[in-house]
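# Provided below are the primary sequence and the corresponding predicted coordinates.
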Amino acid sequence: MQPVDETAAPARPDNLMDTLIRLGVLILLLVVCVQVFAPFSTLMLWALILAVALYPLHLKIVGYLGGRQGRAATVMVLAGLLVIGAPTVMLGGTLVDQLQDLHARLQGEGFELPPPDPAVAEWPLVGERVYAAWSSAASDLPAMLEKFRPQLAQFSKTLVASVANTAAGILVFLVSLIIAGIMLAYAESGSRAMLRIINRLTGPVRGMRVHALATATIRSVASGVIGVAFIQAILIGIGLVWAGIPAAGILTGVVLLLGIAQLPALLVTLPAIGYIWWSSDATTPNVLFTVYLLAAGTADGFLKPMLLGRGVEAPMPVILLGALGGMVSGGFIGLFIGAVLLAVGYQLFMEWVSQGDSALDAHLQAIASPAATEAQPE
């Protein structure tokens, strides 16, 4: 007879009940933690993305400041607030003043619209309709506004909502930048903690690769999508100001948004070129403006392959598809999350395929070995 292990606990129904209660308490704790963290999830994700993307620049500043992590993070946050926050506040104040002035002039009937040029009627497709509407507004603007009051009211509501959402997004971005500075001050310990979490989920070997891949993908998207859009917007903005295009600042912002959305900047530069040739006669400066705006409008064609996907094990099309799909499904922050998820998924899938290739190679060698042995002369 086998000896009885007295230390082993007998199987009792109470053990199953205890397990279910503990599991229920654990699930309840997880749900409560998610609900508490949910209002800050977007803020913290933005802070994490900014911290990862700005870490190489942070290291350079740390070198200049003699290894002071906290001081380097403070300098970076203050510089970011000055570069982004100050112009945003000034632009917002100017926009509010202009809207208030326009509203006052419209209410006081002191706003006069100049009559259209006869050449407007010669515009293709829409020239006659634009000329008729413009002439009607120039002759009797109050009646024109009264005629389109419902449309104008709906447009004003949409415009106010868009401005409010933009302001809220900028505020979230600035607060995320401050939190990212705190993360950068403790970047080394934070990176080790994140690596430990990933290792616990995927294993030590694969965890290090996933950690490196996610970090490289975030930096690749930051440089290859946002960086290229920013560079192209600056180049086109210089050209628009140089050519004297009206509302050059607004058009530059539109170019930046188009670049982030992966739409061609030619949607802005081609109408600008048409305006240059329509508003003046053919001259040598017009040719220079045209060549410059065409070159700047297509600059992303060679900048993107240079920056997007650099240092990432996943191919550039995978990163680009992940960024675009993430932005469509999750907004601007999905630009980074989608690229990271698709890159990690692609890498794990290819590793799984490689394991199958190894097994197939071993099987083929096992089949070929007896045939090779029989073919050898005795």
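Perfect, thanks for sending it. Residues are numbered from 1 along each chain as shown.
# distance of Val268 from Gly181?
According to Cβ to Cβ, to the nearest Å, Val268 and Gly181 sit 34 Å apart. In short, each C-beta sits where N, CA and C put it, glycine included.
# which one's more surrounded, these two?
More crowded of Val268 and Gly181, by other Cβ atoms under 10 Å: Gly181, with 24 against 21.
# the more buried one sits in which helix or strand?
helix 149-185 (DSSP states H and E).
# just the CA trace of the helix or strand harbouring Gly80, in PDB.
Per DSSP H and E: Gly80 is located in helix 69-80. Below are the C-alpha coordinates for helix 69-80, written out as PDB (Å, rounded to 0.1, in the frame of the first residue of the first chain):
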ATOM      1  CA  GLN A  69      17.700  64.400 -15.000                       C
ATOM      2  CA  GLY A  70      15.200  66.600 -13.200                       C
ATOM      3  CA  ARG A  71      16.700  69.900 -14.400                       C
ATOM      4  CA  ALA A  72      16.800  68.600 -18.000                       C
ATOM      5  CA  ALA A  73      13.200  67.600 -17.900                       C
ATOM      6  CA  THR A  74      12.200  71.000 -16.500                       C
ATOM      7  CA  VAL A  75      14.100  72.800 -19.300                       C
ATOM      8  CA  MET A  76      12.300  70.600 -21.900                       C
ATOM      9  CA  VAL A  77       8.900  71.200 -20.500                       C
ATOM     10  CA  LEU A  78       9.300  75.000 -20.200                       C
ATOM     11  CA  ALA A  79      10.700  75.100 -23.700                       C
ATOM     12  CA  GLY A  80       7.700  73.100 -25.000                       C
END
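# show me where the stretch 1-150 of the chain has helices.
13-37, 41-64, 69-80, 86-107, 127-139, 141-147, 149-185 (DSSP state H, counting those that start in this stretch).
# out of these, which is closest to Tyr346?
helix 41-64 (19.3 Å; Cβ to Cβ).
# buried ones in that closest one?
Neighbour-count burial for helix 41-64 flags 46-55, 58, 61-62 (criterion: 16 or more other Cβ atoms under 10 Å).
# same question for stretch 230-247.
Residues of stretch 230-247 classed as buried: 231-233, 235-237, 239-240, 243, 245 (neighbour count, 16+ other Cβ under 10 Å).
# ok, Met17 - how many residues close by?
There are 10 residues near Met17, going by other Cβ under 10 Å.
# ok, it to Gly24 distance?
11 Å.
# do the same with Ala185
Distance from Ala185 to Gly24, by Cβ to Cβ: 39 Å.
# and if you look at Ala193?
28 Å.
# likewise Pro285?
75 Å.
# same check, this time on Lys60
50 Å.
# one more: Asp300?
Counting by Cβ to Cβ, the gap from Asp300 to Gly24 is 53 Å.
# picking up where we left off before, make a markdown table out of the buried residues of helix 41-64 and add pLDDT and distance to Leu213.
Shown next, in a markdown table, are the buried residues of helix 41-64 (pLDDT from 0 to 100; distance: Cβ to Cβ, whole Å):
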| residue | pLDDT | distance to Leu213 |
| --- | --- | --- |
| Trp46 | 84 | 20 |
| Ala47 | 88 | 21 |
| Leu48 | 86 | 16 |
| Ile49 | 85 | 15 |
| Leu50 | 84 | 19 |
| Ala51 | 87 | 17 |
| Val52 | 86 | 12 |
| Ala53 | 84 | 15 |
| Leu54 | 85 | 19 |
| Tyr55 | 87 | 16 |
| His58 | 87 | 21 |
| Ile61 | 88 | 26 |
| Val62 | 87 | 25 |
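# touching, Asp300 and Ile226? I think so.
No - using Cβ atoms under 8 Å as the test, Asp300 is too far from Ile226 to be in contact (11.9 Å).
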